[in-house]
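Student: Give the three-dimensional model of this entry:
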Amino acid sequence: MYYYLHGTVTMHLKDSIVVECNGVGYRVLVSRPDDFDLGALQRIYVNLCTTQEDQYLVGFSSFAERAIYERLITVKGVGPKSAMSILSGASVERLRQAIDDSDVAFLRRLPNIGPKTASQIVLDLRGKLTLPLNSPSGERELDDAMIGLKNMGFSAQEIDRAIGQIPERGLKAEDYLRRALALLGNRR
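Tutor: Numbering: from 1, shown residues only. This next block holds a predicted model:
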């Protein structure tokens, strides 16, 4: 339903931030509130969580963090708040590495993760977190577009060729995606 919010971070709370978008303040649960600069206009990727008792937004500083969160909540025993707790204890890249290396000991040291859950995370996600989680281009918007293309099923070679044919830089992720998809569509 919601993909991202683009607004000003107006408040840090214990486990969340408030993002003002067009005069409306949205409380967003985040793993590390201090990663979001107060007073800064930012894009926060979000996921809407709905339970019988509550509805809340969960936010992420990058598309890669959102993608790993979405994988974590598919694991038996890991809910939205547990996944956010996991993300607060490790970087996205370190978490991916621990899962791919079957490092259950590292996962057990993360907040709210016991031995069964750590083993289940490795069992369910090992080898499945093949996103370009580091920043190959150094440009967040371009990286987000590349991750989006990867999630749509395009190969790394197809993505590299399409992105290489886009001469402009400094575009929004949506613009990179639109142009890359037009180029990729011509090849199929």
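Student: For the helix or strand containing Leu57, buried residues please.
Tutor: Leu57 belongs to strand 55-60 when assigned by DSSP states H and E. By neighbour count on 16 or more other Cβ atoms under 10 Å, the buried set for strand 55-60 is Tyr56, Leu57, Val58, Gly59, Phe60. (C-beta placed from N, C-alpha, C; glycine too.)
Student: Identify the farthest-apart pair in those.
Tutor: Farthest apart among the buried residues of strand 55-60 by Cβ to Cβ are Tyr56 and Phe60. That separation is 13.8 Å.
Student: strands paired with the strand holding Leu57, and their directions?
Tutor: In the sheet, strand 55-60 lines up against strand 24-29 (parallel), strand 41-50 (antiparallel) (DSSP bridges).
Student: what comes up buried for the very next helix or strand once past that strand?
Tutor: Counting by DSSP H and E, the element after strand 55-60 in chain order, helix or strand, is helix 63-72. Within helix 63-72, the residues that count as buried by 16+ other Cβ under 10 Å are Phe63, Ala64, Glu65, Arg66, Ala67, Ile68, Tyr69, Arg71, Leu72.
Student: Lowest-confidence entry in those?
Tutor: Looking at pLDDT alone, those dip lowest at Phe63, where the score is 76.
Student: nearest residue to it other than its sequence neighbours?
Tutor: Spatially, and ignoring its direct neighbours in sequence, Phe63 is nearest to Asp144 (4.2 Å; Cβ to Cβ, 6 or more residues apart in numbering).
Student: show me what contacts that neighbour?
Tutor: Contact analysis of Asp144 by Cβ atoms under 8 Å, 6 or more residues apart in numbering lists Ser62, Phe63, Ala173.
Student: need those residues in a markdown table with distance to Thr10, can you?
Tutor: Supplementary listing: the contacts of Asp144 in a markdown table, determined by distance: Cβ to Cβ, whole Å:
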| residue | distance to Thr10 |
| --- | --- |
| Ser62 | 21 |
| Phe63 | 23 |
| Ala173 | 24 |
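Student: and which of these is nearest Asp103?
Tutor: Closest approach to Asp103 among the contacts of Asp144 (Cβ to Cβ): Ser62, at 22.3 Å.
Student: The residue nearest to Phe63 is in what secondary structure piece?
Tutor: Element membership for Asp144 (DSSP H and E) is helix 140-151.
Student: Tell me the buried residues in that helix?
Tutor: By 16+ other Cβ under 10 Å, the buried positions in helix 140-151 come out as Glu141, Leu142, Asp143, Asp144, Ala145, Met146, Ile147, Gly148, Leu149, Lys150.
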